[in-house]
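Q: build the 3D model from these lines:
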Amino acid sequence: DNGSTIRHNTVVYAASCIYNSPCGQIDINRKTTMPAGTGTVVVDNIATEILLQSGSTVAQRRNNLLRRNATSSERTGVPIYAGGADPSSYEGFLLTALSPGKLFASDGTDAGISPRP
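A: Numbering: from 1, shown residues only. The predicted model follows:
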């Protein structure tokens, strides 16, 4: 990846997925035959963690709510969804007033998905 923006996503956590890793990671990586990615902006997301692998780097990384490995411009915590622990609708993934990602996004809204207009 070169120069993309990853913004306002909610990547769903689960304890174990493929390769015995937790689900919900944002992985900035590359194929071995490709050059390392640069210039990616990763902001305002909810995820388990953000991985930078195989020499790939980001231009910006901030205002994300992560379960682990948050930087100083991010927040560590578990989101509290309007639809409970396992929401079944888009609206269910909106954050409650007590969620650590509430009003934490760089644009003054919540981290993760935005309400539909």
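
Q: now the strands for this structure?
A: 5-7, 25-28, 40-43, 46-47, 49-52, 58-62, 65-66, 75-76 (DSSP state E).

Q: looking at those, which is buried most?
A: Among these, strand 46-47 has the highest mean neighbour count (mean count of other CB atoms under 10 Å), at a mean of 30. In this view, the C-beta of every residue, glycine as well, is placed from N, C-alpha and C.

Q: so which elements touch it?
A: Applying 3 or more CB pairs under 8 Å, 6 or more residues apart in numbering; DSSP states H and E, one finds that strand 46-47 contacts strand 65-66.

Q: so what are the sheet partners of the strand it packs on and their directions?
A: Here strand 65-66 is paired, per DSSP bridges, with strand 46-47 (parallel), strand 75-76 (parallel).

Q: quick one: closest of these to R116.
A: Smallest distance to R116 across these (CB to CB): 16.9 Å, for strand 46-47.

Q: could you report the pLDDT at the residue nearest to S114 when sequence neighbours are not counted?
A: Closest residue to S114 apart from its sequence neighbours, by CB to CB, 6 or more residues apart in numbering: H8 at 5.3 Å. At H8, the model reports a pLDDT of 97.

Q: before we move on, back to that, tabulate the strands paired with strand 65-66 (CSV), appending distance to P22 and mean pLDDT.
A: As requested, the strands paired with strand 65-66 are exported to CSV (distance: least, CB to CB, whole Å; pLDDT from 0 to 100):
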stretch, distance to P22, mean pLDDT
strand 46-47, 10, 98
strand 75-76, 15, 98
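
Q: make CSV out of those and add distance to G24.
A: Below are those laid out as CSV (distance: least, CB to CB, whole Å):
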stretch, distance to G24
strand 46-47, 5
strand 75-76, 14
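
Q: any stretches of the protein with poor pLDDT?
A: For the chain, applying pLDDT under 70 flags the ranges 117.

Q: which residue lies farthest from the center of it?
A: Distance from the C-alpha centroid of the chain peaks at T33, with 26.5 Å (CA atoms, centre = their mean).

Q: that residue and S54, how far apart?
A: Distance, T33 to S54, using CB to CB, to the nearest Å: 11 Å.

Q: please apply the same query to R30.
A: According to CB to CB, R30 and S54 sit 5 Å apart.
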